[in-house]
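1. Using only what follows, build the 3D model:
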Amino acid sequence: MTTEIQRIVFSESMKLADLIDVNFKLLNVLSRMGISLGFGENTIQEVCERQNIDLKSFLLICSVYTYDGYVPSAELLTGADPATIVDYLHNSHSFYMQKEFAGLEVELKAMVEPCDATQKKIVARFFADYKAQVTNHFEYEENVVFPYIRALMAGQRQQGYSIDQFEENHSNIDETLNDLKNIVMKYLPDTCDTILRNQVLYRIYRLGEDLLKHTLIEDNILIPMINKIEE
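-> Numbering: from 1, shown residues only. Take a look at the predicted model:
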């Protein structure tokens, strides 16, 4: 059972430290936006101005990560900056590949050390398949979607492509991760260290939740914003 966070309207006058108290998972958002700890009593607006981050975009991203089912109004989307959203998504890709997947791979290898060769091979295959799916997903965004958006923001419309094509082909990448979670939770022998097993499961759950928020930013913020610009 999860505890629903009481919905608070984030505002520019709110202290950044108070924002983190509302949802500590926003620490990852700060790091991906280049905001270091040690911001003292500064407000969200003061930190965003110092870091040259679009304030309204920052508040939208924080709201998506904090509140289940959050869908911003058309008015809020109009005031945000697509370039800031794209930069955030790009930085998130780097975080997932360099930190999360690297860490998960190390933990998986340590966890399956007592297993037989077949069990090790199964776990390694599911991890490799999932990493390949996510890599393909990210590469499409990095090589096609993001350059298209940046060109559009510069007043250059690419013929033969629109953000609707991204939306239509926006793949769901959580099924294989769910399979990996079930293997770790249900089917590995009890010779696997319980603490290592729990660490792997915690990381899988966190990664799945984070990737879901990542997808919601694309679906509920980025795509509607670009649709409006295309019109």
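2. Going by C-alpha atoms from here, please, whenever you check contacts or count neighbours.
-> Noted.
3. in what helix or strand does residue 69 lie?
-> In this assignment (DSSP states H and E), residue 69 forms part of neither any helix nor any strand.
4. Just want the phi and psi numbers for it.
-> phi 80, psi 10 (degrees, to the nearest 10).
5. so how far is residue 92 from it?
-> Separation of residue 69 from residue 92 (C-alpha to C-alpha, to the nearest Å) stands at 21 Å.
6. between those two, which one's more packed in?
-> residue 92 (21 against 11; other C-alpha atoms under 10 Å).
7. With adjacent residues omitted, what lies nearest to the more buried one?
-> By the measure of C-alpha to C-alpha, 6 or more residues apart in numbering, the closest residue to residue 92 outside its immediate chain neighbours is residue 32, 6.2 Å from it.
8. mind listing what the one you found touches?
-> Contacts for residue 32 were tallied using C-alpha atoms under 8 Å, 6 or more residues apart in numbering; they are 88, 91-92, 95.
9. now, which of these sits nearest residue 219?
-> Proximity of the contacts of residue 32 to residue 219, judged by C-alpha to C-alpha, is greatest for residue 88, which lies at 14.3 Å.
10. Enumerate every residue touching that closest one.
-> The contact partners of residue 88, taken as C-alpha under 8 Å, 6+ apart, are 32-33.
11. How is it assigned, secondary-structure-wise?
-> helix (DSSP: H, G, I helix; E, B strand; the rest coil).
12. Mind checking which of the contacts of residue 32 are in helices?
-> Among the contacts of residue 32, the ones falling in helices (DSSP state H) are 88, 91-92, 95.
13. quick revisit: okay, the residue nearest to residue 92 and residue 95: tell me how far apart.
-> Remark: distance between residue 32 and residue 95 (C-alpha to C-alpha) = 7 Å.
14. Residue 12 now?
-> Distance from residue 12 to residue 95, by C-alpha to C-alpha: 26 Å.
15. Count the neighbours of the nearest residue to residue 130 once chain neighbours are set aside for me.
-> For residue 130, ignoring the flanking residues on the chain, the nearest one in space by C-alpha to C-alpha, 6+ apart is residue 176 at 5.7 Å. The criterion is other C-alpha under 10 Å. On that basis, residue 176 has 17 neighbouring residues.
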